[in-house]
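Peer 1: here's my sequence, what's the structure:
(one chain, ligands or ions: 1)
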Amino acid sequence: MTSDEARKKVIFALDVNGVAEIDRYAGMLSGKVGMFKVGKELFTSCGPEAVKAVQRHGGQVFLDLKYHDIPNTVAKAMLEASRLGVQLANLHALGGGEMMETAASAVRKEFGDQRPRLLAVTILTSSTEETLRGVGIEHPVQEMVVRLAKLAKDSGMDGVVASPLEIELIRAVCGPDFLVVTPGVRPSFASVDDQKRIMTPAEAVGAGADYLVIGRPIAKADDPAAAADLIAAEIIAGCP
Ligand code: C5P
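Peer 2: Have a look, this model is predicted:
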């Protein structure tokens, strides 16, 4: 794997709340990582300006707003995300097959091959069996992850966001072309923080992840650009 291919797999989680911070990180990391993840905190504080600020630095964007609403509303929100020119956007698979199908076909119809790749969140990694039982779901977490990944694929989604530990199960059911984006990744040089079930970048790529979402190991490093270099080097070293 080349250095460029390894860097393209890394999505930096822009867990900040202002344009000045976006400029700081995007300035340091453009060309060092493949994409920047704009999530609910940043989008709620800055709106579409957050996406545009990353784009001004030449960065690509994963818009992580995890839509879950009636099919028409989610489809319209996805069309707006597509108009912003983001590369990845997501919704909750628990919104159901009709919601995913309506969103995927609206985006395909208007944007074709220029569309963002649409991802489904299966079961949040913060959810346990107890969480599921509390909302009336009596199935084990892993069974639900696989079931929702299959439903997402059958509904026209391009991939899922999943724990690194679920990659193999998802690949077995959804095949090699379905995108798997995984947080919960910790390079060997970084602290674990509050992440629990983790893999290293090389392990996650070896298990079949297409993209790795990594935040604090880069953001909290003394030299974030050097941390991104080390992560790319770890990915390359771990690949045959
Ligand atoms: O700093 P860290 O590398 O833990 O950041 C991971 C990013 O991925 C955060 O933005 C976090 O919200 C997100 N995420 C996660 N686990 C999930 C889904 C998203 O850590 N299951």
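Peer 1: give the contact list for the nearest residue to Val192 once chain neighbours are set aside.
Peer 2: In space, and not counting its chain neighbours, Val192 is closest to Arg186: 5.7 Å by CB to CB, 6 or more residues apart in numbering. C-beta here means a position set from N, CA and C on the backbone, and glycine is covered the same way. By CB atoms under 8 Å, 6 or more residues apart in numbering, the residues touching Arg186 are 192-193, 195, 198-200, 217.
Peer 1: likewise for Asp193?
Peer 2: 186, 216.
Peer 1: doesn't it lie inside a strand?
Peer 2: No - Asp193 is assigned coil when assessed by DSSP: H, G, I helix; E, B strand; the rest coil, not a strand.
Peer 1: now do the strands in the protein.
Peer 2: Under the criterion DSSP state E, the chain contains strands at 10-13, 35-38, 61-67, 88-92, 117-121, 159-161, 179-182, 211-214.
Peer 1: among the ones you listed, which comes closest to the ligand?
Peer 2: Across those, the minimum distance to the ligand, taken as CB to the nearest ligand atom, is reached by strand 10-13, at 3.6 Å.
Peer 1: note down every partner strand of the closest one and its orientation.
Peer 2: Strand 10-13 sits in its sheet next to strand 35-38 (parallel), strand 211-214 (parallel), going by DSSP bridges.
Peer 1: redo those as a markdown table? Include mean neighbour count and distance to Ile70.
Peer 2: Shown next, in a markdown table, are the strands paired with strand 10-13 (neighbours: other CB atoms under 10 Å; distance: least, CB to CB, whole Å):
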| stretch | mean neighbour count | distance to Ile70 |
| --- | --- | --- |
| strand 35-38 | 26 | 24 |
| strand 211-214 | 25 | 28 |
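Peer 1: make a markdown table out of the ones you listed and add distance to Leu169 and mean pLDDT.
Peer 2: Shown next, in a markdown table, are the strands paired with strand 10-13 (distance: least, CB to CB, whole Å; pLDDT from 0 to 100):
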| stretch | distance to Leu169 | mean pLDDT |
| --- | --- | --- |
| strand 35-38 | 24 | 98 |
| strand 211-214 | 18 | 98 |
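Peer 1: dump the contacts of Arg186 to CSV, plus pLDDT.
Peer 2: As requested, those are exported to CSV (pLDDT from 0 to 100):
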residue, pLDDT
Val192, 88
Asp193, 87
Gln195, 79
Ile198, 87
Met199, 93
Thr200, 95
Pro217, 97
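Peer 1: could I get the residues you listed as TSV with distance to Ile170?
Peer 2: Putting the contacts of Arg186 into TSV (distance: CB to CB, whole Å) gives the following:
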residue	distance to Ile170
Val192	23
Asp193	24
Gln195	19
Ile198	17
Met199	14
Thr200	19
Pro217	24
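Peer 1: same for the ligand: which of those are within range?
Peer 2: Among the contacts of Arg186, the ones lying near the ligand by CB under 6 Å from any ligand atom are 193, 195.
Peer 1: neighbour-wise, which of the contacts of Arg186 leads?
Peer 2: Pro217 (25 neighbours; other CB atoms under 10 Å).
Peer 1: my guess is that one contacts Ala190. True?
Peer 2: Yes - Pro217 is in contact with Ala190 according to CB atoms under 8 Å; the separation is 3.5 Å.
Peer 1: hmm, back to that, which one, of the strands of the chain, ends up nearest to Ile167?
Peer 2: Closest to Ile167 of the strands of the chain, according to CB to CB: strand 179-182, at 5.3 Å.
Peer 1: what does the closest one contact?
Peer 2: Identification of contacts with strand 179-182 by CB under 8 Å, 6+ apart yields 11, 62, 88, 117, 119, 158-164, 167, 170-171, 199, 204, 208-213.
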